[in-house]
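Novice: Build the 3D model from these lines:
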Amino acid sequence: MNKISNILISQPEPAQRSPYHTLAKKYDINIDFNPFIVVESVSKKEFRKQRVDLNTYPAVTFTSRNSMDFYFQMMEGMRATVSQETRYFCMSEAIALYLQKYIQYRKRKVFFANGTFKDFQSLLLKHKVSAGKFLIPCTDVRNDELSNFLQDEGFEFKECVMYRTVSANLSEFDITKYDMIVFFSPLGVQSLFENYPNFEQGDIRIAGFGPNTCDKIEELGLRLDIKAPIPESPSMSMAIERYLDGK
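Specialist: Numbers count the residues shown, from 1 in each chain. Below you'll find the predicted structure:
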């Protein structure tokens with residue numbers, strides 16, 4: 001196979017220096033970043049079909065910044081009232097602090113877990129009775145783990161699709177100049193074929209992060225050259241480094 005000179009990371013470029021920049025310098029290679037998927041809001045017409053009155057939920061959960069962004073955008077678009085009494089339950093402190101973009105941060109109304117789903121479950125159970133009805137802003141393609149947990153525990157809640165993930169337009173992007181393409185989600189792999197239906201891998205190395213992504217890569221007939229996380233390579237940058245070192 002050809003030497004690795006150009007790597008494409010199918011995500012936005014990190015705002016700060018990342019391990020990928022270190023890799024590029026260490027191995028004298030070019031690493032480009034270009035997202036293969038984008039997130040967009042559902043229309044107000046689509047939202048209305050869900051028959052959700054945003055003013056009637058005293059508790060809201062946020063598992064990502066995206067869920068928060070699109071929740072407040074929809075609140076504004078639907079002219080709903082952002083109540084000072086609403087309680088916000090966040091997966092992590094970083095997500096909770098992001099609330100300051102939209103509301104005056106009041107600790108007695110903001111609760112957060114340590115970033116793990118197990119701790120998030122404990123947090124929600126602690127406030128199950130006092131919080132009342134929970135609204136779960138989510139995407140159209142999602143993991144049902146949270147809703148299954150809430151249902152099993154008898155919570156009063158409503159999942160509400162506020163945004164969706166779609167393939168980015170890569171029509172003006174030259175995919176053939178890269179020796180390696182790195183994927184982080186099944187939708188990203190699907191986007192490759194939606195943009196390049198006649199794509200042939202050839203000598204291009206394919207890297208996948210996460211079991212679902214790796215399964216999708218192989219399902220679509222691609223050769224999976226690099227897999228992460230594994231015990232030796234818990235991060236994608238480490239997996240690429242091991243590959244470049246011939247390990």
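
Novice: And the strands in this structure?
Specialist: Shown for the chain, the strands assigned by DSSP state E span residues 6-9, 30-33, 37-41, 59-62, 87-90, 110-112, 134-139, 157-167, 180-183, 205-209, 226-228.

Novice: Of those, which stretch is the most buried?
Specialist: By mean neighbour count, with neighbours taken as mean count of other CB atoms under 10 Å, strand 180-183 ranks first of the strands of the chain at a mean of 26. The way it works is simple: take the backbone N, C-alpha and C, and place the C-beta from them, glycine included.

Novice: now Cys160: how far from Lys107?
Specialist: The span separating Cys160 from Lys107 equals 26 Å under the rule CB to CB, to the nearest Å.

Novice: do the same with Ile204
Specialist: 50 Å.

Novice: Same drill for these two, tell me which one is more crowded.
Specialist: Applying other CB atoms under 10 Å to Ile204 and Lys107 shows that Ile204 carries more neighbours, namely 21 against 7.

Novice: biggest helix in the chain by residues?
Specialist: Across the chain, the longest stretch assigned as helix under DSSP state H is helix 65-77.

Novice: List the buried residues of the lowest-mean-pLDDT helix or strand in the chain.
Specialist: Every helix and strand in the chain was compared by mean pLDDT, DSSP states H and E; the lowest is helix 128-131, with a mean of 88. For helix 128-131, a neighbour-count test (16 or more other CB atoms under 10 Å) marks Ala131 as buried.

Novice: before we move on, what about stretch 91-103?
Specialist: By 16+ other CB under 10 Å, the buried positions in stretch 91-103 come out as 91-92, 95-96, 98-99, 102.

Novice: Let's have the residues you listed in JSON lines, adding distance to Phe36 and pLDDT.
Specialist: Formatted as JSON lines, these follow (distance: CB to CB, whole Å; pLDDT from 0 to 100):
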{"residue": "Met91", "distance to Phe36": "24", "pLDDT": "93"}
{"residue": "Ser92", "distance to Phe36": "25", "pLDDT": "94"}
{"residue": "Ile95", "distance to Phe36": "24", "pLDDT": "94"}
{"residue": "Ala96", "distance to Phe36": "29", "pLDDT": "94"}
{"residue": "Tyr98", "distance to Phe36": "25", "pLDDT": "94"}
{"residue": "Leu99", "distance to Phe36": "29", "pLDDT": "94"}
{"residue": "Tyr102", "distance to Phe36": "29", "pLDDT": "93"}
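
Novice: which of the residues you listed lies closest to Phe149?
Specialist: Met91 (12.9 Å; CB to CB).

Novice: Skipping its backbone neighbours, what lies nearest that closest one in space?
Specialist: By the measure of CB to CB, 6 or more residues apart in numbering, the closest residue to Met91 outside its immediate chain neighbours is Thr63, 4.6 Å from it.

Novice: what about the chain, any weak spots by pLDDT?
Specialist: Along the chain, segments meeting pLDDT under 70 span 1.

Novice: For Cys138, give me its contacts.
Specialist: Residues near Cys138 by CB atoms under 8 Å, 6 or more residues apart in numbering: 67, 159-162.

Novice: Please read the previous query as pertaining to Glu194.
Specialist: Glu194 is in contact with Ser167, counting by CB under 8 Å, 6+ apart.

Novice: Okay, the nearest residue in space to Thr139 that is not next to it in sequence and Ser67: tell me how far apart.
Specialist: In space, and not counting its chain neighbours, Thr139 is closest to Tyr163: 5.3 Å by CB to CB, 6+ apart. Between Tyr163 and Ser67 the computed distance is 8 Å (CB to CB).

Novice: anything in contact with each of these two?
Specialist: Thr139.

Novice: What's the local residue count around the closest residue to Leu8 other than its chain neighbours?
Specialist: In space, and not counting its chain neighbours, Leu8 is closest to Tyr178: 4.3 Å by CB to CB, 6+ apart. By other CB under 10 Å, 21 other residues sit near Tyr178.
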